[in-house]
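Asker: Pasting the sequence and the predicted coordinates here, then a few questions.
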Amino acid sequence: MISLLLELLLPLSLMLLTLLVLRPYLLTRLGGRTLYALWCLVPVLLLCFVLPLQLGQNSSLAVMQVYQVGLQQASQQFSSGSLLLWFWLTGVLLFAAAVLRSQLQLRKEKAAATSIELQSASLHSTLPCLLSDRVQGPYISGVLRPEIMLPADFFQRFSPTQQQLILNHELTHWQRGDLFCNLLALGLLMLFWFNPLCWLAYSAYRQDQELACDALVLAGAATADKIAYGKALLSNSEPTPVSWQGLTTHYGDVKQMKQRLLQLQTQQGFSKTTLVAALALVLATGLWLQQPVQAASTTAAVKNEPVPVMRIEPKYPIQAAEQKIEGYVDAKFDISAQGKVSNVRIVRSVPQGTFDKVSITALEQWQYSATGQEHKDMLVKLEFALDLLDTPMERVEVTPTEKHN
């Protein structure tokens, strides 16, 4: 998992940095709706790296890998890899605890709220509405059971026109699937919590979500409605957010409100051409970056041999280490068009059966560059030695060999 996250870290950071730097320009030239849609480029780019896209030619040669496993290197790998994994898991658990706490707080607010019926003919909502004295501004919550939370003075503070515009705003969030998008964004933020760019991007994404919703609600609206809507925004602005709710949509703080009011004066439509062009560019870039890594040998590259991109080192069996047993394992396996290892079987092991289990467990987790085709009967030799002090840190050598029948 850590290896995959580190592999995705660079392209993710470059994409987020690009969007954050270009965001003011894109907002001015394209408007909130198009800018919000461009955030979909982030998961699309990640999918380009998770789902291999490149095509390749058939190869007539197998790949023999010679891999040495020793106690010293295994200890180093455990000390660095395990500490990194536990550090990441700690952040994930703290993040999940914060989300859970916010959801429990939200549940309490809903439990104390009062369900209301909109009786006015000019005021309607397709979702249930709740009236609560704990709510500062209206918001929608509930991915599976959406409900609109309204402040206790909702009918006194806002005019009928403002009331319907506010309801339309919350309904638009639901109709566009913003709550599901927030769930995906939180998931990515939880996985990459250690990247400061992700936090900046998440904040900008949520702001752009509100800008896009404003633009959609007021598309074709009269000037009087825009003025009424702007006054409603000012009425709901908060000096600082009262609480953090990752899966709900709040009206925002004063700084965000100023930006939204400025955008109300320059509403722009949605540019499908820009979105399609950006998607095509990201897919093309992902396809190009996903090309197999060039092997040290030009011949190997021409023959389109799969290149190992992630290797899990086998754990040296404790009993074998205590008895100072060394040996090796020759194994065969298949590599799918996407670079995943399957059908691992032991061809020869010395001593027989001593290192078989740990070898199979490790090999099943190996990942190769995707070539767009299957490779059968790939060969690997795992050499288990107690003393590898004279062995270089990089202990994998890939060389073309004749395929075993």
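Answerer: Thanks, I have the structure now.
Asker: residues in contact with Val217?
Answerer: Listed by C-beta atoms under 8 Å, 6 or more residues apart in numbering, the contact partners of Val217 are 165, 168-169, 172, 229. Heads up, the C-betas are built off the backbone N, CA and C, glycines and all.
Asker: Now, those that are in helices?
Answerer: Of the contacts of Val217, the ones assigned to helices by DSSP state H are 165, 168-169, 172, 229.
Asker: Show me the one in the residues you listed that has more neighbours than the rest.
Answerer: Most neighbours among the ones in helices among the contacts of Val217, by other C-beta atoms under 10 Å: His169, with 24 neighbours.
Asker: quick one, what contacts it?
Answerer: His169 neighbours (C-beta under 8 Å, 6+ apart): 138, 213-214, 217.
Asker: try 6 Å
Answerer: With contact set as C-beta atoms under 6 Å, 6 or more residues apart in numbering, His169 has these partners: 213, 217.
Asker: Please apply the same query to Ala152.
Answerer: 131, 133.
Asker: so which helix or strand takes in the residue lying closest to Lys110 once chain neighbours are set aside?
Answerer: Nearest non-adjacent residue to Lys110, counting by C-beta to C-beta, 6 or more residues apart in numbering: Leu130, 6.3 Å away. Assigned by DSSP states H and E, Leu130 falls within strand 129-132.
Asker: who touches that strand?
Answerer: 109, 113-116, 147-150, 152.
Asker: Which strands border it, and is each parallel or antiparallel?
Answerer: strand 114-116 (antiparallel), strand 147-151 (parallel) (DSSP bridges).
Asker: Skip ahead from it and say which helix or strand is next.
Answerer: With DSSP H and E, the next secondary element past strand 129-132 is strand 139-141.
Asker: so what pLDDT did Leu6 get?
Answerer: Note on Leu6: pLDDT of 81.
Asker: quick one: the strands in this structure?
Answerer: Using DSSP state E, the strands found in the chain span residues 62-70, 114-116, 129-132, 139-141, 147-151, 308-310, 327-335, 341-350, 367-368, 375-385, 396-401.
Asker: which one of these lies closest to Leu183?
Answerer: Nearest to Leu183 among these is strand 139-141; the distance by C-beta to C-beta comes to 11.8 Å.
Asker: centre of the chain versus that closest one, how much separation?
Answerer: In this view, strand 139-141 has its centroid 23 Å away from the chain centroid, taken as C-alpha atoms, centre = their mean, to the nearest Å.
Asker: Then stretch 191-202?
Answerer: Centroid displacement of stretch 191-202 relative to its chain, using C-alpha atoms, centre = their mean, is 10 Å.
Asker: beta partners for Val380?
Answerer: Beta-bridge pairing for Val380 (DSSP bridges): Gln65, Ala331.
Asker: Wait, it touches Ala331, no?
Answerer: Yes: using C-beta atoms under 6 Å, Val380 is in contact with Ala331, at 5.2 Å.
Asker: neighbour count winner among those two?
Answerer: The residue with more neighbours, out of Val380 and Ala331, is Val380; 25 against 22, by other C-beta under 10 Å.
Asker: could the ones in helices among the contacts of Val217 go into CSV alongside pLDDT and distance to Trp39?
Answerer: Shown next, in CSV, are the ones in helices among the contacts of Val217 (pLDDT from 0 to 100; distance: C-beta to C-beta, whole Å):
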residue, pLDDT, distance to Trp39
Leu165, 87, 25
Asn168, 89, 23
His169, 89, 19
Thr172, 90, 17
Tyr229, 80, 24
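Asker: Out of these, the closest to Gln319 would be?
Answerer: Using C-beta to C-beta, the ones in helices among the contacts of Val217 come closest to Gln319 at Thr172, 64.0 Å.
Asker: Could you measure from that closest one over to Leu287?
Answerer: Counting by C-beta to C-beta, to the nearest Å, the gap from Thr172 to Leu287 is 35 Å.
Asker: Ok, Leu379 next?
Answerer: In terms of C-beta to C-beta, Leu379 sits 30 Å off from Leu287.
Asker: out of the two, which sits in the more crowded spot?
Answerer: Between Leu379 and Leu287, counted using other C-beta under 10 Å, Leu379 has the larger neighbour count: 18 against 14.
Asker: Check that one and give its pLDDT.
Answerer: We note a pLDDT of 87 for Leu379 in this prediction.
Asker: For Thr161, which non-adjacent residue is spatially closest?
Answerer: Ala228 (4.9 Å).
Asker: that older thread, pull the most distant pair out of the ones in helices among the contacts of Val217.
Answerer: It's Thr172 and Tyr229 that sit farthest apart of the ones in helices among the contacts of Val217, by C-beta to C-beta, at 12.4 Å.
Asker: hmm, which helix or strand of the chain has the shakiest average pLDDT?
Answerer: Least confident element among the helices and strands of the chain, by mean pLDDT, DSSP states H and E: strand 396-401 (a mean of 33).
Asker: Is it possible to get JSON lines of the contacts of Val217 that adds distance to Arg311?
Answerer: As requested, those are arranged in JSON lines below (distance: C-beta to C-beta, whole Å):
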{"residue": "Leu165", "distance to Arg311": "58"}
{"residue": "Asn168", "distance to Arg311": "54"}
{"residue": "His169", "distance to Arg311": "51"}
{"residue": "Thr172", "distance to Arg311": "48"}
{"residue": "Tyr229", "distance to Arg311": "57"}
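Asker: Can you tell me which of these is nearest Pro11?
Answerer: Nearest to Pro11 among the contacts of Val217, counting by C-beta to C-beta, is Thr172 at 31.9 Å.
Asker: Cheers, nothing more for now.
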